[in-house]
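my questions are about this predicted structure, shown below with the sequence.
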Amino acid sequence: MISNPEAFLIDLFHTAINAAHPKVVLAKYLPKNTNKRAVVIGAGKAAASMAQALEQHWQGPLSGLVVTRYGHNETCKHIEVVEAAHPIPDDAGQAVAKRIMQLVDGLTKDDIVVCLLSGGGSSLLSLPPEGINLSDKQAINKSLLKSGAAIDEINCVRKHLSAIKGGRLAKACFPATVHTYAISDVPSDEATVIASGPTVADPTTSIQALSILESYHIQIPNNVRNWLKSPESETLKQGDPALENTHFTLIATPKDALDAAQTQAEKAGIKSLILGDKIEGESKEVAKVHGAITLNIAVHGQPLSPPCVILSGGETTVAVKGSGRGGRNAEFLLSLAIFLQKQQHFYVIAADTDGIDGSEDNAGCLLTPQTYKNAKLKQLNLQSYLDNNDGYGFFEATEQLIKTGATRTNVNDFRAILIL
């Protein structure tokens, strides 16, 4: 039996993070011969740690530039690391995107480019096309993030409002050989969605991007609308000659993290079930499904009997209606707390593997029997907090925020429900 359920869940979370960390996974995917000179570029929350790991294992000369989120830096000897804003792009991200495009300009077929990508790269590598301002992109990003749109929809729009995403970075590198190594933070693990696919062909279209904006009632200025209706806004497609020297490799995925947590749980003698690594949808609705499965296990012993843990990953969304401090994992747990409040004996963790739940300073939160005791003691109304999208505020008040700081990797959400 687990003597400390909270510590057990936090240990599973850290196991999941470590299984997807560049220092653990990158080396085995590199070419056998790394004695060649390479230009390194990249973007994402794990970009700096990926660059550091690359320096440790690449034998030839390295130079280059990567961009990561503020506070996610690592010390590199040969590769410059610049910090910029996430999830809303800023001037620093735009400046480094310009520098990266200049860095790869004029390369030859004898040159090698190593591109390091991870979640967060879409906002960190922001380069609006001519005629569109950074402020236009900032406003659209803010609206999309509050709308409840899925990440593939958001990134479809980002790709078509960019001079660097949707394969355009690979085109800038041509005719050099480009090796992209990516850590997936998206439910589909699709290369074209991770960091908005700057080095791969894009199957989406400008018309789809415009349709997404319209379906979520996102207000856009005329210059953006006109751009999306023009042929120049289209991304690179399969078969484009500029992509013939590109190679894409996934080095870590959400499933890798869940598999590692499952192995760790079973080592502790706890049966486990992975519900999936691609779970999407409104956080509060996804919580209800997880809650129903939890009750079925507790009451009927199906599909497995206690003691056990159910695991899941993916990226949920929140359609923001309130003014609270949120985070999709905090929202998930708050909704789950309401669903399970008649049986208050479960232990749950929901957290983001990058160490940041949304844009707050916590990775996620814990839900335990103590949650309900603290809420009752402090007269906290769960439904009111949920209605205000204030999961952070609730779990701060119950003293159950999980703060890890930047983990320097990113394979999206991690959820574990322990049923004893």
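Received the coordinates, thanks. Numbers count the residues shown, from 1 in each chain.

C-alpha only now, for contacts and for neighbours.
Will do.

for the stretch 1-150 of the chain, which segments count as strands?
Taking DSSP state E, counting those that start in this stretch, the strands of the stretch 1-150 of the chain run over residues 38-43, 62-69, 79-84, 112-117.

take those strands and lay them out in JSON lines including distance to residue 136.
Formatted as JSON lines, the strands of the stretch 1-150 of the chain follow (distance: least, Cα to Cα, whole Å):
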{"stretch": "strand 38-43", "distance to residue 136": "21"}
{"stretch": "strand 62-69", "distance to residue 136": "21"}
{"stretch": "strand 79-84", "distance to residue 136": "18"}
{"stretch": "strand 112-117", "distance to residue 136": "24"}
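
let's have those in CSV, adding distance to residue 24 and mean neighbour count.
Converted to CSV, these look like this (distance: least, Cα to Cα, whole Å; neighbours: other Cα atoms under 10 Å):
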stretch, distance to residue 24, mean neighbour count
strand 38-43, 19, 26
strand 62-69, 19, 24
strand 79-84, 19, 22
strand 112-117, 15, 25
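
of these, which approaches residue 138 most closely?
When the strands of the stretch 1-150 of the chain are compared by Cα to Cα, strand 79-84 sits nearest residue 138, at 13.5 Å.

quickly run through the sheet partners of that closest one, with directions.
With DSSP bridges as the test, strand 79-84 is paired with strand 62-69 (parallel).

I'd like the strands of the stretch 1-150 of the chain as TSV, with mean pLDDT appended.
Formatted as TSV, the strands of the stretch 1-150 of the chain follow (pLDDT from 0 to 100):
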stretch	mean pLDDT
strand 38-43	98
strand 62-69	98
strand 79-84	98
strand 112-117	98
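
who wins for proximity to residue 21 among these?
strand 112-117 (12.9 Å).

which helices and strands does the closest one pack with?
If you count contacts as 3 or more Cα pairs under 8 Å, 6 or more residues apart in numbering; DSSP states H and E, strand 112-117 packs onto strand 38-43, helix 47-57, strand 177-183.

to residue 126, which of these lies closest?
Among the helices and strands packed on strand 112-117, the nearest to residue 126 by Cα to Cα is strand 38-43 (10.0 Å).

tell me what that closest one is packed against?
With contacts defined as 3+ Cα pairs under 8 Å, 6+ apart, the packing partners of strand 38-43 are strand 62-69, strand 112-117, helix 121-124.

can you give me how far it is from the chain middle?
Taking Cα atoms, centre = their mean, to the nearest Å, one finds strand 38-43 lying 20 Å from the centre of the chain it belongs to.

what comes into contact with it?
For strand 38-43, the surrounding residues in contact (Cα atoms under 8 Å, 6 or more residues apart in numbering) are 51, 60-68, 79, 100, 104, 111-118, 120-122, 124-125, 195.

one step back: JSON lines please, covering the helices and strands packed on strand 38-43 and showing distance to residue 145.
Shown next, in JSON lines, are the helices and strands packed on strand 38-43 (distance: least, Cα to Cα, whole Å):
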{"stretch": "strand 62-69", "distance to residue 145": "17"}
{"stretch": "strand 112-117", "distance to residue 145": "21"}
{"stretch": "helix 121-124", "distance to residue 145": "12"}
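
send the alpha carbons of stretch 40-58 over as CSV?
In CSV, the C-alpha atoms belonging to stretch 40-58 read as follows (Å, rounded to 0.1, in the frame of the first residue of the first chain):
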residue,chain,number,x,y,z
VAL,A,40,22.2,25.2,-35.0
ILE,A,41,18.8,27.0,-34.9
GLY,A,42,15.7,26.3,-32.8
ALA,A,43,12.8,27.4,-30.7
GLY,A,44,10.7,26.2,-27.8
LYS,A,45,10.6,25.8,-24.0
ALA,A,46,13.1,23.0,-24.3
ALA,A,47,15.3,24.6,-27.0
ALA,A,48,18.1,25.7,-24.6
SER,A,49,18.3,22.3,-22.9
MET,A,50,18.3,20.6,-26.4
ALA,A,51,21.1,22.9,-27.5
GLN,A,52,23.1,22.0,-24.4
ALA,A,53,22.6,18.3,-24.9
LEU,A,54,23.6,18.7,-28.6
GLU,A,55,26.9,20.4,-27.6
GLN,A,56,27.7,17.5,-25.3
HIS,A,57,27.3,14.8,-28.0
TRP,A,58,28.1,16.5,-31.3
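
report the buried residues of that stretch.
40-55, 58 (16 or more other Cα atoms under 10 Å).

shaky segments in the stretch 1-150 of the chain?
Scanning the stretch 1-150 of the chain for pLDDT under 70 picks out nothing.

want to throw the helices and strands packed on strand 112-117 into CSV with distance to residue 278?
As requested, the helices and strands packed on strand 112-117 are exported to CSV (distance: least, Cα to Cα, whole Å):
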stretch, distance to residue 278
strand 38-43, 23
helix 47-57, 23
strand 177-183, 15
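
quick one: closest of the helices and strands packed on strand 38-43 to residue 181.
Distance to residue 181, taken as Cα to Cα, is lowest for strand 112-117 among these, at 5.2 Å.

strand partners of the closest one, parallel vs antiparallel please.
Strand pairing (DSSP bridges) places strand 112-117 next to strand 38-43 (parallel), strand 177-183 (parallel).

run through who's touching the next helix or strand after the last one.
In other words, strand 177-183. Sequence-wise, the next helix or strand downstream of strand 177-183 (DSSP states H and E) is helix 206-215. Here helix 206-215 makes contact (Cα under 8 Å, 6+ apart) with 144, 153, 156-157, 160, 219, 225, 228-229, 233-235.

what's the answer for stretch 186-193, then?
Residues outside stretch 186-193 that contact it (Cα under 8 Å, 6+ apart) are 119, 151-152, 155-156, 166, 184, 194, 197-198, 200-203, 248, 253-254, 277-280, 313-315, 411-412.
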